[in-house]
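> all I have is the shape, not the residue letters:
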């Protein structure tokens, strides 16, 4: 790997990502290399890495190639593999638009959590690609059984929500009660999340308007979490006695995250849509020699 490798940097509500375009899946990205690239002092810096690969070229996505040309091979900031990342999908779609692979309108993107339907809003003629992006996030699963999360001397009941990845949603009076979120908040029973969990702490801001802080497994506290915002909106709706599958009426929550605001709508068929910004901020090259000499 002596050649220089192209990269871009982007973010969705300040959940930021290193983007590595690699249509033919030719770039070797072991966990240690991903973690080094995401390091904010010795690397490029990011909450995660978006490896952009054609579905037909990736063994985990070949079966989806007929439905979606592009596969989001998503990695957490520590190098571990993740099923899905809602903000990441929006930034991934923005990259595809930036690179000329897609235009405004609808596009399908393959992920480990399935194929996601994405809509890129139209922007002003001749202007930069700044329109919001909407992602069909699928249906939420609400497993039975109680969960408790703890920070310091406090504990709260949490709602178990699965958005293709696991979430524990705890409603608190004050977001400061979540502490620094540098380490994963303990949860019980441990058997509920054998592979770890994303933990959201949520406070009310108004009718159908909440704010969150989140600890993302493999990344620590992040400025935003798309799947987390969806999980929070579903948990808040059920707490508020609202279920669109029963009422037949869509419900929309505004979810403030530290990096901005997302709009989450749950439809009567159970499908959840997330709308928010996505921005490409820079592009450059990774020195192949540096990447090749990293520990593996």
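Cool, the structure landed. This is a predicted model, so every value here is computed, not measured. Numbering: from 1, shown residues only.
> where does residue 177 land on pLDDT?
Turning to residue 177, the model gives it a pLDDT of 94.
> does it really touch residue 202, like I thought?
No - Residue 177 lies out of contact with residue 202 (Cβ atoms under 8 Å); the separation is 10.9 Å. All C-beta atoms are positioned from the backbone trio N, CA, C, and that covers glycine.
> how's the chain carved up into domains?
5-132+278-292, 147-276 (automatic domain parsing).
> and the shortest one, how far out from the chain middle?
Read it as domain 147-276. Counting by Cα atoms, centre = their mean, to the nearest Å, domain 147-276 is centred 13 Å from the centre of its parent chain.
> what distance separates the opening and closing residues of it?
In domain 147-276, first residue to last residue: 30 Å (Cα to Cα, to the nearest Å).
> tell me where the stretch 51-200 of the chain has helices.
86-98 (DSSP state H, counting those that start in this stretch).
> residue ranges with poor pLDDT in it?
Along the stretch 51-200 of the chain, segments meeting pLDDT under 70 span 124-130.
> show me which of residue 177 and residue 202 is the more surrounded one.
residue 202 (28 against 15; other Cβ atoms under 10 Å).
> could you look up the SS state of the more buried one?
strand (DSSP: H, G, I helix; E, B strand; the rest coil).
> residue contacts, it?
If you count contacts by Cβ atoms under 8 Å, 6 or more residues apart in numbering, residue 202 has them with 169-172, 210-212, 232, 235-236.
> coming back round to it: turn the domains of the chain into TSV, columns for distance to residue 140.
Below are these laid out as TSV (distance: least, Cβ to Cβ, whole Å):
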stretch	distance to residue 140
domain 5-132+278-292	12
domain 147-276	4
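> what about the spatially closest residue to residue 166 that is not a sequence neighbour, how many neighbours?
Among residues not flanking residue 166 along the chain, residue 197 sits closest, at 4.6 Å (Cβ to Cβ, 6 or more residues apart in numbering). Counted with other Cβ under 10 Å, residues neighbouring residue 197 total 23.
> do residue 33 as well
Residue 33 has 24 nearby residues by other Cβ under 10 Å.
> OK, contacts around the residue nearest the centre of the chain?
Nearest to the mean C-alpha position of the chain, counting by Cα atoms, centre = their mean, stands residue 85 at 2.4 Å. Residues in contact with residue 85 (Cβ under 8 Å, 6+ apart) are 15, 48, 72, 74, 226-227.
> buried residues in stretch 150-167?
150-151, 156, 158-167 (16 or more other Cβ atoms under 10 Å).
> nearest to residue 80, of those residues?
residue 165 (11.7 Å; Cβ to Cβ).
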